[in-house]
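# Okay, sequence plus prediction incoming.
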Amino acid sequence: MTNRTFTMIKPDATEKGYTGGILKMINDAGFRIVAMKMTQLSTEKAGQFYEVHKERPFYGELVSFMSRGPITAAILEKENAVEDFRKLIGATNPAQAEAGTIRKLYAASIGENAVHGSDSDENAAIEGDFFFSRLEQF
Ligand code: ATP
Ligand code: MG
């Protein structure tokens, strides 16, 4: 079964010029890009996107980080997309991420960890629709 996940290349990775390298890893791992845009989140939009973490102590830091510069948002298609993409990005904390993962290669810290990956099919659909209209999802 083919399905979809949602990703963002976060502001830290954009600032460091890692966008192309990360997109190449995504392509090489067999994901097909079915929507993509470079944009910048307002603090309001970043807060909305990460609303599930509202009560966590790092929420304020997360919202200001995610809104401080451009991101690249994309919808990716592949069999078993959500799980396979979480494997490709590696653990939230890059110190614990496996060798060869995107976060191991490109993330600086648990907060500034280069990429986002959806954690379920349901959230992948919600997050994709947050950034892209139906006409922008191929
Ligand atoms: P993401 O949802 O961005 O793919 P994740 O699912 O691996 O990351 P979550 O637990 O959903 O991790 O946390 C969302 C984001 O919040 C993390 O990617 C990171 O940027 C930030 N974050 C998580 N834990 C911490 C922490 N202890 N300190 C600072 N920032 C954190
Ligand atoms: Mg998450």
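Looks like it came in fine. Just so it is clear, the model here is predicted, and its values are computed rather than measured. Numbers count the residues shown, from 1 in each chain. Ligands and ions are numbered 1, 2, ... in the order given.

# wait, Y18 sits on Y106?
Yes: Y18 is in contact with Y106 according to Cβ atoms under 8 Å; the separation is 4.9 Å. (C-beta placed from N, C-alpha, C; glycine too.)

# what is in contact with those two at once?
A114 (Cβ atoms under 8 Å, 6 or more residues apart in numbering).

# More neighbours: those two, which one.
Legend: neighbour count by other Cβ atoms under 10 Å for Y18 and Y106, higher for Y106 (24 against 20).

# any idea how far the closest residue to that one other than its chain neighbours is from ligand 1?
The shortest distance from Y106 to any residue other than its chain neighbours is 4.3 Å, reached at A114 (Cβ to Cβ, 6 or more residues apart in numbering). Separation of A114 from ligand 1 (Cβ to the nearest ligand atom, to the nearest Å): 9 Å.

# is it fair to say G47 lies in a helix?
Yes: counting by DSSP: H, G, I helix; E, B strand; the rest coil, G47 is part of a helix.

# Can you pull the phi/psi pair for E77?
phi -120, psi 140 (degrees, to the nearest 10).

# which SS class is the residue nearest the centre of the chain?
In the chain, the residue lying closest to the centroid (Cα atoms, centre = their mean) is H116, at 2.3 Å. H116 falls in the strand class when you classify it by three-state DSSP.

# Can you tell me which residues in the chain are near ligand 1?
For the chain, the contact set with ligand 1 under Cβ under 6 Å from any ligand atom comprises H53, F58, E61, L62, T92, I110, G111, N113, H116, G117, D119.

# Mind putting those residues into TSV with secondary structure and pLDDT?
Shown next, in TSV, are the residues of the chain next to ligand 1 (DSSP: H, G, I helix; E, B strand; the rest coil; pLDDT from 0 to 100):
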residue	secondary structure	pLDDT
H53	helix	97
F58	coil	97
E61	helix	98
L62	helix	98
T92	coil	98
I110	coil	97
G111	coil	96
N113	coil	98
H116	strand	98
G117	strand	98
D119	coil	97
